[in-house]
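Chemist: Generate a structure from the sequence data that follows.
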Amino acid sequence: MKKMGIAVLSALALGVVAFPQQALYDVVIHDGMIIDGTGNPWYRADIGITGGRIQKIGTIPPSAGRKAINASGKAVSPGFIDLHTHSDIPVLVDGTAQSAVRQGVTLDVIGESASVAPLEGVVLEEFKKEQKRLYNFDVDWTTVSGYIQRLQKQGVSINIAISVAPQQIKRAVIGYQNRPATPEEIVRMKKLVEQAMLEGAVGIASAFNGGGYDNPEEMFEMAAVAAQYGGYYATHVGSEGYQLTEEIKKAIQVSEVTHIPIHGLPHPRSFGTNPRVLGKYVREERVILLEDAVRKMTSLPAQIMRLKDRGMLREGYWADIVVFDPKMVKDVATFEKPKQYPAGIEHVLVNGIVVVESGNHTGAKPGKAILGPGFRE
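Modeler: Residues are numbered from 1 along each chain as shown. From the prediction side, this is the model:
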């Protein structure tokens, strides 16, 4: 019995250990620095997870879980939310979402200047040809619900939310003509936005270069529909300096006219965005507190998306959780070698299932489609 106790303690010290099936929780994360996503100071506690959700935050013995994760000396935070990604087809080609989940991202929002739906008119053939060229992938859906069905059928390691592109919607209706839409065409564009929102889209997202959109009325009309169904408007200010002020002004105008929540999108960096913030700007340069940095990557985007049970570590919330070493976390990707996973991200749970364990992907695919507030069965 004494030897067994020593063996268990040794396993706990290494990070992860399994306990008997009659345990109270599926997973216990113990002795961690809890950074709950609110911006409040961290505190030390244990987390008990059952059925994919956080059951308890408090004092919990490791043996109370079928699996125990030792977070001693580590930070435990909500999973990171990326509001701007292009992982729509890659997560179908390879559902493990390695570059996202290995940096602690548990939720990707897809769609921007191009989106997985709606696909009709010239957009359908254009989208099919492009994905075949890039990924040798066959597109077999035309709607948001069709994409979600394909995603759920194949499985994915992280959660996915869908935004739709107003530029793509316009192109689906009027084709390649460079002109304002007619009143009748605007009605059709609004119907496509409405359909997407009813099928689970979280909002609309655009990318404009050279000063933003040309036809304000079209953007106002589509954004108003998204707002009606609880959606938000995200725009990638793509000039990154050139005509940036004009692009931001136009984005704000959409929000002022339609009362839709807006989010300014910076340019993405695929393999180490969040670890770079935690390593460089929190630890090395000390320009932002750890708790504030985590809030900006978790509860803030969750608030923008109007998610009610993700983005914070709270009892009853989905267990999207990252365990990382605040002394070691950093991005290691370079321009010469961009496809390198970051250091210091030790464990990642998605919907209560361990996807990254001791820095290695487990192969699990517990991700879900995150449906917007306008979704109707």
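Chemist: ok, for Q98, nearest residue in space, not its chain neighbours?
Modeler: Counting by CB to CB, 6 or more residues apart in numbering, Q98 lies nearest to H361, which is 6.1 Å off, once chain neighbours are set aside. Backbone N, C-alpha and C define where each C-beta goes, glycine included.
Chemist: who touches that neighbour in this structure?
Modeler: Going by CB atoms under 8 Å, 6 or more residues apart in numbering, H361 touches 96, 98, 101-102, 157, 355.
Chemist: Now, of the residues you listed, which are buried?
Modeler: 96, 101-102, 157, 355 (16 or more other CB atoms under 10 Å).
Chemist: As CSV, the residues you listed with secondary structure would be great.
Modeler: Listed next are the buried ones among the contacts of H361 as CSV, based on DSSP: H, G, I helix; E, B strand; the rest coil:
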residue, secondary structure
T96, coil
V101, helix
R102, coil
S157, coil
V355, strand
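Chemist: Now do the same for E336: its pLDDT.
Modeler: We have a pLDDT of 69 for E336.
Chemist: And the one 5 residues further on, by the same measure?
Modeler: The model reports Y341 with a pLDDT of 88.
Chemist: next structured bit after the host helix or strand of A293?
Modeler: Element membership for A293 (DSSP states H and E) is helix 290-297. Where DSSP H and E defines the elements, the next helix or strand beyond helix 290-297 is helix 299-304.
Chemist: And that next one, what's buried?
Modeler: Within helix 299-304, the residues scored as buried using 16+ other CB under 10 Å are 299-302, 304.
Chemist: Least confident of the residues you listed?
Modeler: I304 (91).
Chemist: Would you agree that one is in contact with L83?
Modeler: Yes. Taking contacts as CB atoms under 8 Å, I304 lies within contact range of L83: 6.9 Å.
Chemist: what touches both of these two?
Modeler: With CB under 8 Å, 6+ apart, I304 and L83 have common neighbours H263.
Chemist: helices and strands around the helix holding A293, which ones?
Modeler: Packed against helix 290-297 by the contact rule (3 or more CB pairs under 8 Å, 6 or more residues apart in numbering; DSSP states H and E) you find strand 75-78.
Chemist: I'd like to know which elements whatever helix or strand comes next after the strand it packs on is packed against.
Modeler: As assigned by DSSP H and E, the chain's next helix or strand after strand 75-78 is strand 80-85. Secondary-structure packing of strand 80-85 (3+ CB pairs under 8 Å, 6+ apart): strand 105-110, strand 232-237, strand 262-265, helix 299-304.
Chemist: got a list of contacts for strand 80-85?
Modeler: The contact list for strand 80-85 (CB under 8 Å, 6+ apart) reads 100, 103-110, 112, 205, 234, 236, 263, 265-266, 268, 273-274, 297-298, 301-302, 304-305, 310-311, 322.
Chemist: Paired strands for it, with orientation please.
Modeler: strand 105-110 (parallel) (DSSP bridges).
Chemist: just how off-centre is the very next helix or strand once past the strand it pairs with within its chain?
Modeler: Downstream of strand 105-110, the next assigned helix or strand under DSSP H and E is helix 122-135. Per CA atoms, centre = their mean, to the nearest Å, the displacement of helix 122-135 from the mean C-alpha position of its chain is 24 Å.
Chemist: now swap in stretch 191-208 and tell me
Modeler: Relative to the centre of its chain, stretch 191-208 is centred 17 Å away, using CA atoms, centre = their mean.
Chemist: again with stretch 278-287
Modeler: Using CA atoms, centre = their mean, the offset of stretch 278-287 from its chain centre is 22 Å.
Chemist: tell me the angle the helix holding A293 makes with strand 80-85.
Modeler: 40 degrees (axes from the mean of the first three to the mean of the last three CA atoms, to 10 degrees).
Chemist: ok, and for helix 290-297, which residues are buried?
Modeler: Within helix 290-297, the residues that qualify as buried are 290-291, 293-297, counting by 16+ other CB under 10 Å.
Chemist: For the stretch 1-150 of the chain, give me the ranges with low pLDDT.
Modeler: Where the stretch 1-150 of the chain drops to pLDDT under 70, the residues are 1-14, 19-21.
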